[in-house]
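**Q** Provided below for reference: sequence and predicted model.
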Amino acid sequence: GQQLNQSPQSMFIQEGEDVSMNCTSSSIFNTWLWYKQDPGEGPVLLIALYKAGELTSNGRLTAQFGITRKDSFLNISASIPSDVGIYFCAGRVAGGTSYGKLTFGQGTILTVHP
Amino acid sequence: AAGVIQSPRHLIKEKRETATLKCYPIPRHDTVYWYQQGPGQDPQFLISFYEKMQSDKGSIPDRFSAQQFSDYHSELNMSSLELGDSALYFCASSLTGIAEAFFGQGTRLTVV
């Protein structure tokens, strides 16, 4: 099946620092979504990307849909303690339906030190 | 705004018992997805429904079945439970043509 490689696996940063994480795949995707998950809770949608090259912001978060359609990145600027959590990328493979399944990356565990 | 509602939030069952998990999608959403997430793992796709028909199938054991009803809510039925079925089970919903999929808070199933 489709594999999404997400990196880094974990990050330990100081409050105020910027963070960058990315996902890559050998398959072409037509949708990229970024989620944040707190322990024991459901993933919360942060940003949705629809087309290659798209750059979208949501407050301090910025995500881009790679030109090759095989990758995406998420940046968090000026991190704060409440940014702590697990960040997942997820995508729908190209050629599928708009209601096709989402494949998830392995997640990036973010720890922010005050 | 209304979100995806899952029930129950927590469930404890013994081996070989059955369990039924329920999912109520966001109003007007026509697609429901079920995911299983083990400790420290990413969500694994189980099955999805579009307009009450199964639309995709992932790594769902034969012991599990699911359906989407006329009011668009969905149920995941799990039989002959095994210890390895202990996990968080998430339901998500989306609207055709819109990329976003929204997740519920999940059901934590513990099999003892």
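**A** Everything's here; your move. Numbers count the residues shown, from 1 in each chain, chains lettered A, B, ... in the order given.
**Q** apart from its chain neighbours, what residue comes closest to A:Y50?
**A** In space, A:Y50 comes closest to B:A99 once its chain neighbours are excluded; the distance is 5.6 Å by Cβ to Cβ, 6 or more residues apart in numbering or on different chains. Glycine gets a C-beta too; all of them are placed from N, C-alpha and C.
**Q** what about A:Q9, neighbour count?
**A** 10 (other Cβ atoms under 10 Å in any protein chain shown).
**Q** same question for B:G104.
**A** Residues lying near B:G104 (other Cβ under 10 Å) number 26.
**Q** what's the helix or strand for the residue nearest to A:Y50?
**A** B:A99 is part of no helix or strand, with elements assigned from DSSP states H and E.
**Q** how about the residues of chain B near chain A?
**A** Taking Cβ under 8 Å from any Cβ of the partner chain as the measure of proximity, chain B contacts chain A at B:4, B:30-31, B:33, B:42-45, B:48, B:50, B:55-56, B:58, B:88, B:90, B:92, B:94, B:96-106, B:108.
**Q** of those, buried ones?
**A** In the residues of chain B next to chain A, burial by neighbour count holds for B:4, B:30-31, B:33, B:42-45, B:48, B:50, B:55-56, B:58, B:88, B:90, B:92, B:94, B:99-106, B:108, counting by 16 or more other Cβ atoms under 10 Å in any protein chain shown.
**Q** which stretches of chain B have low pLDDT?
**A** Residues of chain B that meet the criterion pLDDT under 70 lie in B:1.
**Q** where does chain A have low pLDDT?
**A** In chain A the weaker segments, taking pLDDT under 70 as the threshold, are A:1-2, A:96-99.
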